[in-house]
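In: Next input, structure requested:
(one chain, ligands or ions: 1)
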Amino acid sequence: MTKLKRTALVIGAGPGGSTAAFYLAHAGVDVLFVDKETWPRDKICGGVYLSSLYPMLKDMGCFDAMYSQQACNITTMRLINRKEDYIVLDVDPFMIAPRRFTDDQIRRAAIREGADFMENYEATSLIMRKGVVKGVHGLYHNEPMDIEADVTIIANGAHSELTRQLGAFMDDPDMTMYCFRAYVDGVEGLEPGQAEEYYVPMGLNGWSPICTTWLNPHYEGKQAVLGLTITEKALRETGLSSMEFYEYWKNNTKFGQERLKNATLIDKFRGWRLPGSRKLAQSVYPGAILIGDAIAAAETAFEYGIPSAMVGGQIAAGVIAECAAKNDFSFEALNKYQPLAEEQLNPGLEFNGMFRDELLNKEEVMDDFFDWVKKHEGYPHLSFSGMAMEYMSTVLGLKIGITENLRSQ
Ligand SMILES: Cc1cc2nc3c(=O)[nH]c(=O)nc-3n(C[C@H](O)[C@H](O)[C@H](O)COP(=O)(O)OP(=O)(O)OC[C@H]3O[C@@H](n4cnc5c(N)ncnc54)[C@H](O)[C@@H]3O)c2cc1C
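Out: Reported below is the predicted structural model:
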């Protein structure tokens with residue numbers, strides 16, 4: 001059997017893994033990152049890159065390519081409540097671009113920076129010695145291959161079997177979403193630069209607070225990314241399949257009928273797990289750091305997981321570079337990741353959890369939020385995050401740790 005030995009090994013070349021590989025290579029650390037797919041690969045996703053990520057993407061040298069190829073620049077968001085009333089708010093401009101292209105740009109940036117990459121390598125289990133992760137067993141083009149490393153970053157996404165092996169897999173029925181995505185053609189009535197999020201459908205059994213559909217303009221004109229997000233529990237309670245759900249929304253809601261009356265699905269409506277949390281779980285284990293969806297670090301109220309994956313990757317690389325310089329990969333040295341990552345990620349996760357629990361979760365509160373926003377001087381040119389934070393802190397009396405990152409969402 002083939003065996004390799006590296007200083008740092010990254011499993012998964014999604015935004016989290018590729019970012020970690022980029023910054024490890026940048027710091028001069030010997031790093032190999034691997035992915036089970038043949039690249040470029042698609043990922044079921046809305047493709048929103050928040051502007052808080054732009055500085056990092058520029059630093060990695062992939063912003064220009066992503067931006068010039070971007071599908072759409074979004075500046076406003078229309079939120080539609082269950083009564084099909086709506087508000088329109090400004091957002092810090094963000095881009096929507098297909099993951100097949102954007103993830104590949106980030107992966108290429110890591111390779112340019114000096115990271116070694118291997119595709120078609122599927123990690124099947126962790127190599128464990130005396131309770132310490134020492135790399136992975138895996139298959140390269142279906143042939144067994146072990147890769148040993150001083151430290152392993154586990155960044156292989158929402159279905160990670162490696163996370164399960166460590167006992168770190170999280171499946172909170174309230175925070176684990178089932179999300180579907182399809183590209184649609186012939187959508188009517190979307191405003192240029194405006195994304196739409198619908199807290200519907202109404203009248204379905206198993207109504208879920210986070211039962212949303214969304215339409216994001218794509219490739220300007222009439223194409224859009226259509227998404228559907230619902231907790232796994234609620235989806236099961238509706239008894240509907242994803243396509244039945246889509247048909248229900250299309251035929252039984254005002255916006256569904258208007259927007260999709262002449263629309264056709266360009267590809268299949270496909271689903272993917274989106275695991276979120278209210279605060280970052282313990283992400284460091286002896287010999288390993290877990291980042292991104294592998295440790296359920298997504299903000300599920302708005303389906304944002306790319307920022308936490310990339311920020312986690314950058315922080316993990318910084319900590320590992322220090323470990324490499326001192327040749328100390330002990331748990332204590334790696335665990336410096338935990339407080340640094342919590343400081344960066346917890347404000348967003350906590351805000352997201354509160355927004356879900358205290359606003360989206362309560363129909364009457366959400367209606368009140370809509371009325372409150374509309375009465376504000378200057379409406380509709382008010383910022384979404386600013387309004388949500390102000391309402392939650394002044395009207396609902398919640399304590400929110402506000403950061404610049406949060407403000408720009
Ligand atoms: C429908 C939907 C819409 C979403 N929309 C958005 C959005 O608009 N904006 C946003 O910020 N977030 C969005 N998200 C969340 C976002 O997709 C994830 O949070 C993000 O992709 C997490 O990045 P990651 O690097 O942790 O994992 P991933 O992007 O999932 O990457 C993991 C990589 O690991 C590889 N891999 C898996 N198993 C193995 C293995 N055993 N061995 C080797 N390689 C392996 C995979 O091939 C993959 O390339 C959405 C999610 C869903 C489901």
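In: Please report the distance of the residue nearest in space to the middle of the chain from E37.
Out: By Cα atoms, centre = their mean, the mean C-alpha position of the chain lies nearest to G305, the distance being 1.7 Å. Separation of G305 from E37 (Cβ to Cβ, to the nearest Å) stands at 18 Å. (C-beta placed from N, C-alpha, C; glycine too.)
In: quick one on the thing from earlier: and for the closest residue to the residue nearest to the centre of the chain other than its chain neighbours, the neighbour number?
Out: Leaving aside its sequence neighbours, G305 sits nearest to A298 (Cβ to Cβ, 6 or more residues apart in numbering; 3.2 Å). For A298, the neighbour count with other Cβ atoms under 10 Å is 28.
In: For A298, list the residues it contacts.
Out: The neighbours of A298, taking Cβ atoms under 8 Å, 6 or more residues apart in numbering as the test, are L274, P275, G276, S277, G292, Y304, G305, S308.
In: Over to E342?
Out: So E342 contacts K279, L280 (Cβ under 8 Å, 6+ apart).
In: one more time with 6 Å, if that's ok
Out: L280 (Cβ atoms under 6 Å, 6 or more residues apart in numbering).
In: related to what we said a few turns ago, ok, and which of the contacts of A298 reach the ligand?
Out: Filtering the contacts of A298 for neighbours of the ligand using Cβ under 6 Å from any ligand atom leaves L274, G292, Y304, G305.
In: And I320, how close does it get to the ligand?
Out: Noted for I320: a distance of 17 Å to the ligand, by Cβ to the nearest ligand atom, to the nearest Å.
In: Next, give phi and psi for that residue.
Out: phi -70, psi -30 (degrees, to the nearest 10).
In: since we're on it, how many residues are nearby?
Out: I320 has 28 nearby residues by other Cβ under 10 Å.
In: so who does it touch?
Out: A8, V151.
In: quick one on the thing from earlier: in JSON lines, list the contacts of A298 along with secondary structure and pLDDT.
Out: JSON lines is the format used below for the contacts of A298 (DSSP: H, G, I helix; E, B strand; the rest coil; pLDDT from 0 to 100):
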{"residue": "L274", "secondary structure": "strand", "pLDDT": "92"}
{"residue": "P275", "secondary structure": "strand", "pLDDT": "92"}
{"residue": "G276", "secondary structure": "strand", "pLDDT": "92"}
{"residue": "S277", "secondary structure": "coil", "pLDDT": "92"}
{"residue": "G292", "secondary structure": "helix", "pLDDT": "98"}
{"residue": "Y304", "secondary structure": "strand", "pLDDT": "93"}
{"residue": "G305", "secondary structure": "coil", "pLDDT": "96"}
{"residue": "S308", "secondary structure": "helix", "pLDDT": "97"}
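In: quick one: pLDDT of the nearest residue to E232 once chain neighbours are set aside?
Out: Once flanking residues are discounted, E232 sits nearest to Y178: 4.8 Å by Cβ to Cβ, 6+ apart. Here, the pLDDT recorded for Y178 equals 87.
In: Make sure Y178 is indeed in a strand.
Out: Yes - the assignment for Y178 is a strand, going by DSSP: H, G, I helix; E, B strand; the rest coil.
In: any idea how far the ligand is from it?
Out: As judged by Cβ to the nearest ligand atom, Y178 and the ligand stand 8 Å apart.
In: So what's the residue count around that residue?
Out: Y178 has 19 nearby residues by other Cβ under 10 Å.
In: ok, it touching A234?
Out: No - with contact defined as Cβ atoms under 6 Å, Y178 does not reach A234; the gap is 8.8 Å.
In: Just grab the bridge partners of T152 for me.
Out: L9, A288 (DSSP bridges).
In: What count of nearby residues applies to it?
Out: 26.
In: Surely it is in contact with K134?
Out: No - when contacts are counted by Cβ under 6 Å, T152 is not listed as touching K134 (8.0 Å).
In: Look up phi and psi at the residue nearest to the centre of the chain.
Out: Residue torsions, per degrees, to the nearest 10, at G305 are phi -130, psi -20.
In: so how far is Y49 from it?
Out: 11 Å.
In: Over to A298?
Out: 14 Å.
In: now M354
Out: For M354, the distance to Y49 - Cβ to Cβ - is 24 Å.
In: Burial check on the closest residue in space to F355 that isn't next to it in sequence, number of neighbours?
Out: Counting by Cβ to Cβ, 6+ apart, the nearest residue to F355 once its immediate chain neighbours are dropped is A301, at 5.0 Å. For A301, the neighbour count with other Cβ under 10 Å is 24.
In: now swap in R100 and tell me
Out: There are 14 residues near R100, going by other Cβ under 10 Å.
In: can you check D172 too?
Out: 13.
In: phi, psi of it?
Out: The phi/psi pair for D172 (degrees, to the nearest 10) is phi -70, psi 120.
In: for the stretch 151-300 of the chain, which spans come out with low pLDDT?
Out: Scanning the stretch 151-300 of the chain for pLDDT under 70 picks out 200-211, 219-221.
In: Spell out which parts of the stretch 151-300 of the chain neighbour the ligand.
Out: Near the ligand, when you scan the stretch 151-300 of the chain using Cβ under 6 Å from any ligand atom, you find 155-158, 179, 181, 227, 272, 274, 292-294, 298.
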